[in-house]
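Engineer: what's the 3D shape of this:
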Amino acid sequence: MKKTVSLKNIRNIGIIAHIDAGKTTTTERILYYTGKTHKIGEVHDGAATMDYMVQEQERGITITSAATTAFWDVGGVTYRINIIDTPGHVDFTAEVERSLRVLDGAVVVFDGKMGVEPQSETVWRQADKYNVPRICFINKLDAIGGDFYMSLDSIDERLGVNAVAINIPVGIENNFNGVIDLITGKYIYYANDKGTDMQIIDIPDEYKESYEKYRKLLIEKVAETDDKLLNKYLSAEDITESELEIALRNAVISLKLYPVLAGASLGNKGVQILLDAVAKYLPSPMDKATIVGTDVNTQEKIERKQVEEEPFSALVFKIVMDEHVGKLSFVRVYSGSVKEGSFIYNSTTGERERVSRIMLMHANHREQVESLAAGEIGAIIGFKSTTTGHTICDIDNPILLEKIVFPEPVISMAIEPNTKQDQEKLSIAIQKLAEEDPTFRVVTNPETSQTIISGMGELHLDILVDRMKREYKVEAKIGKPQVAYRETITTEAKCQGKYIKQSGGHGQYGDCWLKLTPNERGKGYEFSNDIKGALIPNEYIPAINKGVESAMQSGVVANYPVVDVKVSVYDGSYHDVDSSELAFKMAGIIAFKDAMKLANPVILEPIMKVEVVCPEQSVGDITGMLASKRAVIEEMTMRGNAKVVVAKVPLESMFGFVQELRSITSGRGSSSMEFSHYSIVPKNVEGEIIKGEK
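Structural biologist: Residues are numbered from 1 along each chain as shown. Sure, this is the predicted structure:
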């Protein structure tokens, strides 16, 4: 039964972090303490509620973001908390991206032994991109090496943000048994292993100095964000708990402060206090009063209030293919409401869709409801052509919301079905998986007729292939992973493309001159019409653009897709009878290919940011190995008693890296890798790539 809660008491939050920081374990505790589950599911046992996929349970990692809803009472007020638990592995960064796009707040979990790790920085930047207020939870303080103050400093230093502790731990490692609340001045002691017996007692004498120090710092930082509070602070007047909490909430919502809490989710400590902080300090949908979109009819910017009285608008942020009910479209409703059986308008595609059923999700379990209203997150069954990033809205009041932009895949492999029957199964599997995952791409090599699948990393493709075999029963041979190279140009060039074909009756005539100019790295393709006069009628210009886009699918150096090019059509001619869109498309292809050959084309390769954490005695061997892989070492620092090496390395050199690292460090080293940028391949390597491609 759907519990009704006031809009101001709804919290849409994500749990985000580096891999293995304890996101899912924290979420499991939240579900247990809110009464959503009656047994704590452990990740290491493969029993976590939120990790419901077979692949997640086997590997002990989160692969796909899972949504659930829980209720929590603070001071006699019930809060509805919609939670999305996201993956930590860089290969699944798109799951974090699309979740943060629709959330109002986030809890960032840090491993108390490690502080800020590489993927912590990545998810933090993603949250910055969407202006998502955050609370920090320093986890694993009961583990050997757990250090709250080191982790707190690393948030300041590595993320460069104004973080402030709102509680501090009592005891370290095995002796961590509670926290001191810096706002109330009380020590919250956990008297049993399940974390259900919380005793509020006086602060131990040996912690009073730390309490005074960090409380003073908290008041100073909060007062800096609030003029009224600052005047009281400077006048040495008492500041009440209520004043401090209200000012802190405003500072969090305006991204001026990031509260930091201590805890140990696996040890059942600190999670209830984290829930209190989510309710008190993270925003409700009402705190971001309006959303901005584009009026479909006038193309002007318009605003919608996030209330039920406004016309309906929502964003589809995730698609899941469910074997029982078919396609589930996860939506965040921004304004108005949507009811079962109604029709909505997809303003991205211009099509009408029917809302057959509406579900509230609890991981892979569904609860049918009659409607979804502003501020709510749910799933809709019945959509045919709606997919990730599409805006759905009221038919009479169409609005287009900002899309979600996903990173490009960097790794590919060939997949070849064993039989004709497997070919049919493979087609179905690819179609469904590609609809679920916007970073999964599929192309057919026209020369070899091979199916090439592309993704964000080896693990990403490994999971996708595993799902094809298990869920869709596809038997296939898999090629070795290949780097997703690209081609681009380095100089300007001009060329004519002429396509003339005579036959009985109408012939074909298309003639255009194109100018190619290198574009900034990462800016992609830009096309402009610089025709003066009526040399080419306007109706044929889009056909030239289509021809160029077609030609860019396969470059002139080694047949890789072409990126980062500006193309302008500036001259040409046409024939009154024989000219057609097809002829100008062919002319565009010819002109682009010929011009690219004159523009000093080069191959681009993906460069990865790699961070290696290893014992100090292994550093020499690690740097030597990285140097042999064409790495550029950027920095070397200490983290606790371990050495951290940060380098930029071509992806092509990184296959098998983890095994080498384990061998050199006797299993004590670890690494993480994320995409950084594309860079021009050195000439000697380019020769090898061309040879291999030929």
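Engineer: other residues contacting whatever helix or strand Ala647 lives in?
Structural biologist: Using DSSP states H and E, Ala647 falls within strand 642-650. Strand 642-650 is contacted from outside by 605-616, 618-619, 622-623, 626, 629-638, 676, 679, using C-beta atoms under 8 Å, 6 or more residues apart in numbering. Backbone N, C-alpha and C define where each C-beta goes, glycine included.
Engineer: now with 7 Å?
Structural biologist: By C-beta atoms under 7 Å, 6 or more residues apart in numbering, the list of residues contacting strand 642-650 from outside reads 605, 607-616, 619, 622-623, 626, 629-637, 676.
Engineer: what pairs with that strand, parallel or antiparallel?
Structural biologist: If you go by DSSP bridges, strand 642-650 pairs up with strand 601-615 (antiparallel), strand 632-639 (antiparallel).
Engineer: those: which one's closest to Thr491?
Structural biologist: Thr491 sits nearest to strand 601-615 of all the strands paired with strand 642-650, at 9.4 Å, using C-beta to C-beta.
Engineer: please name the nearest non-neighbouring residue to Ile500.
Structural biologist: Among residues not flanking Ile500 along the chain, Tyr509 sits closest, at 5.5 Å (C-beta to C-beta, 6 or more residues apart in numbering).
Engineer: what's downstream of whatever helix or strand Arg470 lives in, the next helix or strand?
Structural biologist: Using DSSP H and E, the element containing Arg470 is helix 458-471. Using DSSP H and E, the helix or strand that directly follows helix 458-471 along the chain is strand 476-478.
Engineer: what's the distance between Leu582 and Tyr345?
Structural biologist: Applying C-beta to C-beta, to the nearest Å, the value for Leu582 to Tyr345 is 34 Å.
Engineer: repeat for Thr386
Structural biologist: 10 Å.
Engineer: before we move on, back to that, from the contact counts, what lies against the helix or strand following the strand holding Ala647?
Structural biologist: Next along the chain after strand 642-650, taking DSSP H and E as the criterion, comes helix 657-665. Packing contacts for helix 657-665, counted by 3 or more C-beta pairs under 7 Å, 6 or more residues apart in numbering; DSSP states H and E, involve strand 601-615, helix 619-627, strand 670-680.
Engineer: tilt between the strand holding Ala647 and helix 657-665?
Structural biologist: Going by axes from the mean of the first three to the mean of the last three C-alpha atoms, to 10 degrees, strand 642-650 is angled at 140 degrees with respect to helix 657-665.
Engineer: so how far is strand 642-650 off the chain centroid?
Structural biologist: How far strand 642-650 lies from its chain's middle: 23 Å, per C-alpha atoms, centre = their mean, to the nearest Å.
Engineer: please identify the buried residues of it?
Structural biologist: Ala642, Lys643, Val644, Val645, Ala647, Lys648, Val649, Pro650 (16 or more other C-beta atoms under 10 Å).
Engineer: just the C-alphas of it, formatted as PDB.
Structural biologist: Only the C-alpha atoms of strand 642-650 are listed here, as PDB (Å, rounded to 0.1, in the frame of the first residue of the first chain):
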ATOM      1  CA  ALA A 642      50.900   2.700   1.000                       C
ATOM      2  CA  LYS A 643      52.400   4.400  -2.100                       C
ATOM      3  CA  VAL A 644      49.900   5.800  -4.700                       C
ATOM      4  CA  VAL A 645      51.100   6.200  -8.300                       C
ATOM      5  CA  VAL A 646      48.900   8.100 -10.700                       C
ATOM      6  CA  ALA A 647      49.600   7.800 -14.400                       C
ATOM      7  CA  LYS A 648      48.000   8.300 -17.900                       C
ATOM      8  CA  VAL A 649      48.300   5.100 -19.900                       C
ATOM      9  CA  PRO A 650      47.000   4.100 -23.400                       C
END
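Engineer: relative to strand 670-680, how tilted is that strand?
Structural biologist: Orientation check (the same axes, to 10 degrees): strand 642-650 against strand 670-680 gives 30 degrees.
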